[in-house]
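S.K.: Below are the sequence and a predicted model for it; my questions follow.
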Amino acid sequence: MKTPVLWVAACGLIDADGRVLVTQRPDGRDHAGLWEFPGGKIEPGERPEETLVRELYEELSVEPCLDCLEPLTFASHAYPDFHLIMPTYVCRQWDGMVRPREGQATKWAWAEDIVRLPLLPADIPLARHLAARLPKGRRFLT
Ligand SMILES: Nc1nc2c([nH]c(=O)n2[C@@H]2O[C@H](COP(=O)(O)OP(=O)(O)OP(=O)(O)O)[C@@H](O)[C@H]2O)c(=O)[nH]1
């Protein structure tokens, strides 16, 4: 039987210093404790940008405008139960303060430090991709 394909949209929120927001998957979820980019499953009929506007508000209380979502790259990763296709964006402007609403830990990290975090497997190449494109910050996590 073929593995189902799961479409998910993700976004690196980038602050004025060039740091990227990552969130930790809470207990009770698959891959609990690993870090990821905010986002979620693309619902039928939704554009990935619309998914992100919806998910960023639900997860973090922030509202990016559709035009502020800049396509970066995508992940294509084979998990045991499904194949993930994940268009990934960056966003530098949004309304509201980041307030996690699902009990998840969050961290603003320099792009080159994200690669040192325990990330979801699909996110490892994304973090490298981001790190190569953002300004270099401090070398170690705080
Ligand atoms: N949001 C998000 N999901 C990711 C990332 N990387 C990655 O492999 N995924 C996978 O994409 C799938 C969908 O994510 P999700 O956040 O909507 O779903 P979930 O498993 O928490 O379930 P639920 O929202 O239905 O409760 C999960 O299996 C998750 O492991 C990422 O950076 N961000």
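M.R.: Sure, I can see it.
S.K.: Leaving out sequence neighbours, find the closest residue to Glu43.
M.R.: Using Cβ to Cβ, 6 or more residues apart in numbering and skipping residues adjacent in sequence, the residue nearest Glu43 is Thr51, 6.8 Å away. Every residue, glycine included, has its C-beta placed from N, CA and C.
S.K.: burial count for the one you found?
M.R.: A count of nearby residues for Thr51, using other Cβ atoms under 10 Å, gives 21.
S.K.: Just the element for Val8, please.
M.R.: Per DSSP states H and E, Val8 falls inside strand 5-13.
S.K.: buried ones in that strand?
M.R.: Trp7, Val8, Ala9, Ala10, Cys11, Gly12, Leu13 (16 or more other Cβ atoms under 10 Å).
S.K.: Of all pairs in the residues you listed, which one spans the longest distance?
M.R.: Taking Cβ to Cβ as the measure, the buried residues of strand 5-13 span a maximum distance of 20.6 Å, between Trp7 and Leu13.
S.K.: The ligand versus the most centrally placed residue in the chain, what's the distance?
M.R.: By Cα atoms, centre = their mean, the chain has its centre lying nearest to Phe37, at 1.7 Å. Relative to the ligand, Phe37 is positioned 4 Å away (Cβ to the nearest ligand atom, to the nearest Å).
S.K.: do the helix-or-strand element of the chain with minimal mean pLDDT and the ligand meet?
M.R.: The helix or strand of the chain with the poorest confidence is helix 111-114; it has a mean of 86 (mean pLDDT, DSSP states H and E). No - on the criterion Cβ under 6 Å from any ligand atom, helix 111-114 is out of touch with the ligand, staying 10.8 Å away.
S.K.: Understood, closing this out.
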